[in-house]
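A.B. asks: Need a 3D model of the following:
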Amino acid sequence: MDSSWVAPVALLLVVLALDVWVYREAQAMRASGQSVIASVGPVTISTPEQWFLGCLLLWIFVFPLYLVARRP
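C.D. replies: Now for the predicted structure:
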């Protein structure tokens, strides 16, 4: 049986789990009055939905940006 699909699927599941975590944490922070906001050039990411979509589409760039932006 060929198991070459296991690693890519596992990586995809980890990325999706982290995307959901980013969304839920950004929602919780916004509810507590501490929005997570980041600007890179003309692009500003400020809502949980934008963070989720950014992580979903450009995870390698947006996820580290979220980790830096969420610091107090």
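A.B. asks: Residue 62: how many residues sit nearby?
C.D. replies: Residue 62: 23 surrounding residues under other CB atoms under 10 Å. C-beta coordinates here come from the backbone N, C-alpha and C atoms, glycine included.
A.B. asks: OK, contacts around it?
C.D. replies: Residues in contact with residue 62, defined by CB atoms under 8 Å, 6 or more residues apart in numbering, are 45, 51, 54, 55.
A.B. asks: pLDDT added to those residues, as JSON lines?
C.D. replies: Converted to JSON lines, these look like this (pLDDT from 0 to 100):
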{"residue": "45", "pLDDT": "97"}
{"residue": "51", "pLDDT": "97"}
{"residue": "54", "pLDDT": "96"}
{"residue": "55", "pLDDT": "96"}
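A.B. asks: So which of the residues you listed are in strands?
C.D. replies: Among the contacts of residue 62, DSSP state E puts residue 45 in strands.
A.B. asks: What is the nearest of the contacts of residue 62 to residue 14?
C.D. replies: residue 55 (12.0 Å; CB to CB).
A.B. asks: re the thing from before, which one (most neighbours) among the contacts of residue 62?
C.D. replies: Ranked by the number of neighbours (other CB under 10 Å), the contacts of residue 62 place residue 51 first, at 27 neighbours.
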